[in-house]
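Visitor: Sequence and predicted model, in that order:
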Amino acid sequence: MTPPALAAAIIAHFADRISGHALDPARGLGAFHDQLPMHLDRFWCELEDGRDFLEWDTQVDWIITNPPWSKIRAFTQHAMTVADHIVWLVPIVNITTKARLRDLRDHGFGIAELVLTETPSDWPQSGFQLVAAYLKRGHEGDWRISRLEAEAQD
């Protein structure tokens, strides 16, 4: 599960851009959903609670979560059909394979920003960089690379 401080730091990083309807498609214990700004229309899915994101069909403006990494391709493909802005907390390798980049291009999306984060100390340490990957419909430019401050993630 995502540490609430890490979710809060990621939300804060994007807060000036997030507006409208926001969905956390893998709520878990609510680290992202519960900290989304109150001015948003907030929605959630959680398979264990009977709300399967892959069956969600309502349009939203933003999707933000730590998705199940084993389902990242299916989650991304589906997210691109219901939102214009997606932020995934994932190892960088999970979003930058040739197939995943092709999926983005084929759906009219691009990687707008990769926010480098520290891997929580109690998570498995894979050696791959953890990022908050911002996927944006219509983005065709360069990838912005930024970094969350370590103290904001604790």
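Guide: On my side now, so go ahead.
Visitor: Please report the distance of the nearest residue to Arg137 once chain neighbours are set aside from Ala133.
Guide: Spatial nearest neighbour of Arg137, excluding adjacent residues (CB to CB, 6 or more residues apart in numbering): Asp84 at 4.2 Å. For glycine as for every other residue, the C-beta is placed from the backbone atoms N, C-alpha and C. Going from Asp84 to Ala133 by CB to CB, to the nearest Å gives 15 Å.
Visitor: centroid residue for this protein?
Guide: The chain has Trp88 as the residue nearest its centroid, 2.0 Å off, counting by CA atoms, centre = their mean.
Visitor: Looking only at neighbour counts, state which of Asp84 and Ala133 leads.
Guide: Legend: neighbour count by other CB atoms under 10 Å for Asp84 and Ala133, higher for Ala133 (24 against 18).
Visitor: Quick one: residues contacting the more buried one.
Guide: 86-90, 92, 95, 111, 113-115 (CB atoms under 8 Å, 6 or more residues apart in numbering).
Visitor: Quick check: the farthest pair among these?
Guide: The span of those, defined through CB to CB, is set by Ile86 and Ile92 at 15.2 Å.
Visitor: Please say which of the two ends up with more neighbours.
Guide: Taking other CB under 10 Å, Ile86 and Ile92 do not tie; Ile86 has more neighbours (27 against 13).
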